[in-house]
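Novice: Quick one, structure for this:
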Amino acid sequence: MALKKLKGLIWGRLITLVLIIVIPLFFALMVAGSSPALGWFDPPIITWEDFRYLNPAQTIPFLPEVWAKVFVYGFIPVFFSMPWVVFLVVDANRVAETFENMGRAMRKVSLGLNIFYSVNALFIFVFFILPFGTPIIGVVASFGLIPWIIKRKTGKKLPRWLTFIPSLLLAAIPIVLAIGFCANYGTVWNNIWNFWSGSGATGSILTEYGFVHYIYGFGYSVGIGAVLAGFVNFIYEGASQVDRTTSKPKGILYIVEFLIATAVFVTYILVPMTLPARDIIFYVISGVTIFFGLLEFLLRFFKKVKRTKRDNVPIGAYVMLPMFIAVDLVRTAGTIQVRNAALTAALALTCIVYFVLFLLAYSFAGETYPSRWSRSRDVDRDEDDDGDVDDLDD
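Specialist: Next up is the predicted model:
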């Protein structure tokens, strides 16, 4: 058990270390890739010109050109990534244990769905939470950092008015960044949304349909693979009950799930979106999958065949597939804007499950590794208790 826990903690630490490196790199690439010199994003996500004015119409001046460049190219990568990095460094053990807890919780979910939930949560986090949540988080964290350091080092909680001025000075740059970012929120949102959902302009699939096209196709494919692999598992279960010598080949479900998901995803990508038969192809795939999923459910129910504890239950696929198929119907009935909004909403719903699981896992991890953020409060309580004991002794 200790070795198993150690392995999980090592993997959790590795993920935490990767996040500490990748988050600052993300903001650096976001800023650098938006510069005219590189031009990775069309349109650019955020440029120094966005910080020269407080409105998209550019009628309210904000920063001179030199300072706008300093804040965008110098301060955004540092101050936007700092709250996340500090949190991950200070609570490294607890975050690592959190990922271990999540691994245990998702062990009953198929490998494909595990990958999908993780990748989907990653991209929702990168495209929406990091860019739009970080400016506010940076300001709040700056105001809370100095009081926390004082409590951490001295064990004393100073009055708020004593720490307000130093906190305000520390938060000055994050406040300017948040003002410049939020004042141009509409422009930044449109730029990120166009990259995520596509502009509808004729061109590559990424330009026309956006990144969400690939994420949706990936989720749809692993859902199909998980359900059909579950049915194959049911066949082996039935065969083993009839003939005890029949056993399920090791790893067969992973192979079946991988092959089916790969075939569906390749078909999803290669079949042209304008082909009339495309909709029919995927309606047939969806219909066949739902048929086998319902058939397995009914047979298990009436035959009273329960899953073993070692089975990977594709419940997530049973919930996810009907939702994705409904979204596909919306796609055929609505405009590209309606389609993109429906796809994003479906992906966001599956992502919420992952984030709720993360919060629960983080809460449980606190039993093993108490948060170092709250340790200063424990010091205060301990000192108060010691004071009470001294009073009683006197």
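
Novice: Enumerate every residue touching Thr59.
Specialist: Counting by C-beta atoms under 8 Å, 6 or more residues apart in numbering, Thr59 touches Tyr53. C-beta coordinates here come from the backbone N, C-alpha and C atoms, glycine included.

Novice: so where does it fall, helix or strand?
Specialist: Using DSSP states H and E, Thr59 falls within no helix or strand.

Novice: Quickly note the distance from it to Leu294.
Specialist: Remark: distance between Thr59 and Leu294 (C-beta to C-beta, to the nearest Å) = 60 Å.

Novice: just to confirm, which helix or strand has the residue most central in space within the chain in it?
Specialist: The centre of the chain sits closest to Ala121, judged by C-alpha atoms, centre = their mean, with a distance of 2.6 Å. In this structure, Ala121 sits in helix 111-124 according to DSSP H and E.

Novice: What residue, apart from its backbone neighbours, is nearest Leu253 spatially?
Specialist: Of all residues not flanking Leu253 in the chain, Ala229 sits nearest, at 4.8 Å (C-beta to C-beta, 6 or more residues apart in numbering).

Novice: SS state for the one you found?
Specialist: Following DSSP: H, G, I helix; E, B strand; the rest coil, we place Ala229 in the helix state.

Novice: From what I see, it and Gly251 are in contact.
Specialist: No: using C-beta atoms under 8 Å, Ala229 is not in contact with Gly251; the gap is 11.3 Å.

Novice: count of residues packed around Leu38?
Specialist: A count of nearby residues for Leu38, using other C-beta atoms under 10 Å, gives 12.

Novice: meant to ask about Val264, not that
Specialist: Residues near Val264, counting by other C-beta under 10 Å: 24.

Novice: cool, the one 10 residues further on as well?
Specialist: Around Thr274 sit 6 other residues, with neighbours defined as other C-beta under 10 Å.

Novice: same thing with Phe62?
Specialist: Phe62 has 19 neighbours, counted by other C-beta under 10 Å.

Novice: Who's the closest spatial neighbour of it, skipping the chain neighbours?
Specialist: Computed as C-beta to C-beta, 6+ apart, the closest residue to Phe62 that is not its neighbour in sequence is Leu54, at 4.8 Å.

Novice: pretty sure the one you found contacts Val176?
Specialist: No: between Leu54 and Val176 there is no contact under C-beta under 8 Å: 11.3 Å.

Novice: Any idea how many residues pack against Met162?
Specialist: That one is not Met; residue 162 is Leu. Leu162: 12 surrounding residues under other C-beta under 10 Å.

Novice: Same check on Ile352?
Specialist: Around Ile352 sit 12 other residues, with neighbours defined as other C-beta under 10 Å.

Novice: Pretty sure it sits in a helix.
Specialist: Yes: counting by three-state DSSP, Ile352 is part of a helix.

Novice: Would you mind measuring from it to Tyr117?
Specialist: Distance of Ile352 to Tyr117, computed by C-beta to C-beta: 11 Å.

Novice: Next: Ile124.
Specialist: 11 Å.

Novice: Touching both of these two, which residues are there?
Specialist: Between them, Ile124 and Tyr117 share these contacting residues under C-beta under 8 Å, 6+ apart: Cys351.

Novice: what's the average pLDDT for stretch 127-139?
Specialist: Taken as a whole, stretch 127-139 carries a mean pLDDT of 81.

Novice: actually stretch 17-31, not the one I wrote
Specialist: On average, stretch 17-31 scores 88.

Novice: List the buried residues of that stretch.
Specialist: 19-20, 23-24, 26-28, 30-31 (16 or more other C-beta atoms under 10 Å).

Novice: These into TSV, with extra columns for secondary structure and distance to Phe234?
Specialist: Shown next, in TSV, are the buried residues of stretch 17-31 (DSSP: H, G, I helix; E, B strand; the rest coil; distance: C-beta to C-beta, whole Å):
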residue	secondary structure	distance to Phe234
Leu19	helix	38
Ile20	helix	43
Ile23	helix	43
Pro24	helix	47
Phe26	helix	42
Phe27	helix	47
Ala28	helix	49
Met30	helix	46
Val31	helix	51
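
Novice: Which of the residues you listed sits closest to Leu259?
Specialist: Checking the buried residues of stretch 17-31 against Leu259 with C-beta to C-beta, the nearest one is Leu19 at 31.9 Å.

Novice: Now the closest one: closest residue in space, sequence neighbours ignored.
Specialist: Per C-beta to C-beta, 6+ apart, closest to Leu19 is Leu88, 5.7 Å.

Novice: From what I see, the one you found and Val22 are in contact.
Specialist: No: using C-beta under 8 Å, Leu88 and Val22 do not qualify as a contacting pair, with a distance of 10.6 Å.

Novice: Compare Ala229 and Gly251 and say which is more crowded by neighbours.
Specialist: Higher neighbour count among Ala229 and Gly251: Ala229, with 27 against 9, using other C-beta under 10 Å.

Novice: ok, how many other residues are close to Gly287?
Specialist: When neighbours are defined as other C-beta under 10 Å, Gly287 has 11 of them.
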